[in-house]
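*Asks:* Task: produce atomic coordinates for the following.
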Amino acid sequence: MTEQSRRENRRVIRLKLAKPLKILLTSIGGTVRYEMQTRNVSYTGFFLDFEKPGRFPFTPASIMEIWLELGDQTLFFNGKMVRKVMPGDPGCEVTGPGIAVRIVQIDSKTENLLKDFVDKHLDQQEVATFQAPKSA
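*Replies:* As a prediction, this is how the structure comes out:
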């Protein structure tokens with residue numbers, strides 16, 4: 001894969017919402033659920049608004065059970081933290097501080113519901129393309 005192809009693969013079309021969506025997170029089989037919010041959703045994941053990302057209760061090795069509330073529907077899938085954006089980081093001026101989460105396991109019906117939600121809302125706004133900063 002060429003360097004340009006890798007860069008293109010990192011570009012993700014993101015839906016930026018005016019009204020946040022509620023998200024519940026827990027460790028697989030865990031009993032403690034963390035309630036959070038996102039205003040930034042894509043087909044492959046989302047960005048959690050989080051003032052102090054260093055205090056996020058999961059590590060990059062954690063697989064999370066995630067419930068995303070889309071109005072009258074709740075979608076369930078598994079995800080992993082892929083990036084922390086700390087205050088002062090290069091990406092912070094674009095996203096604000098928070099946590100990027102990638103979907104790692106989702107059934108096809110749920111994936112289609114998420115895609116339909118994103119597509120419907122993208123039709124109503126200008127498409128925002130975000131390119132993740134290069135990893136160190």
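*Asks:* In the chain, which strand is the longest?
*Replies:* Using DSSP state E to assign secondary structure, the strand with the most residues in the chain is strand 11-27.
*Asks:* and it, what other elements does it pack with?
*Replies:* In this structure, strand 11-27 makes packing contacts with strand 34-41, strand 45-49, strand 64-70, helix 108-122, strand 128-131, judged by 3 or more Cβ pairs under 8 Å, 6 or more residues apart in numbering; DSSP states H and E. Where you see a C-beta, it was placed from the backbone N, CA and C, and this is true even at glycine.
*Asks:* Which strand residues bridge Ile99?
*Replies:* Counting by DSSP bridges, Ile99 forms beta bridges with Leu48, Lys84.
*Asks:* What is the burial count for it?
*Replies:* Taking other Cβ atoms under 10 Å as the criterion, the count of residues near Ile99 is 21.
*Asks:* Could you do Ser108 as well?
*Replies:* Neighbour count for Ser108, taken as other Cβ under 10 Å: 7.
*Asks:* Same question for Val101.
*Replies:* Residues lying near Val101 (other Cβ under 10 Å) number 24.
*Asks:* Same check on Gly96?
*Replies:* Counted with other Cβ under 10 Å, Gly96 comes out at 15.
*Asks:* Kindly tell me how buried the closest residue to it other than its chain neighbours is, as a neighbour count.
*Replies:* If you skip the residues right next to it in sequence, Gly96 has Asp49 as its closest partner in space, 6.4 Å away by Cβ to Cβ, 6 or more residues apart in numbering. The burial metric for Asp49, expressed as a neighbour count using other Cβ under 10 Å, is 15.
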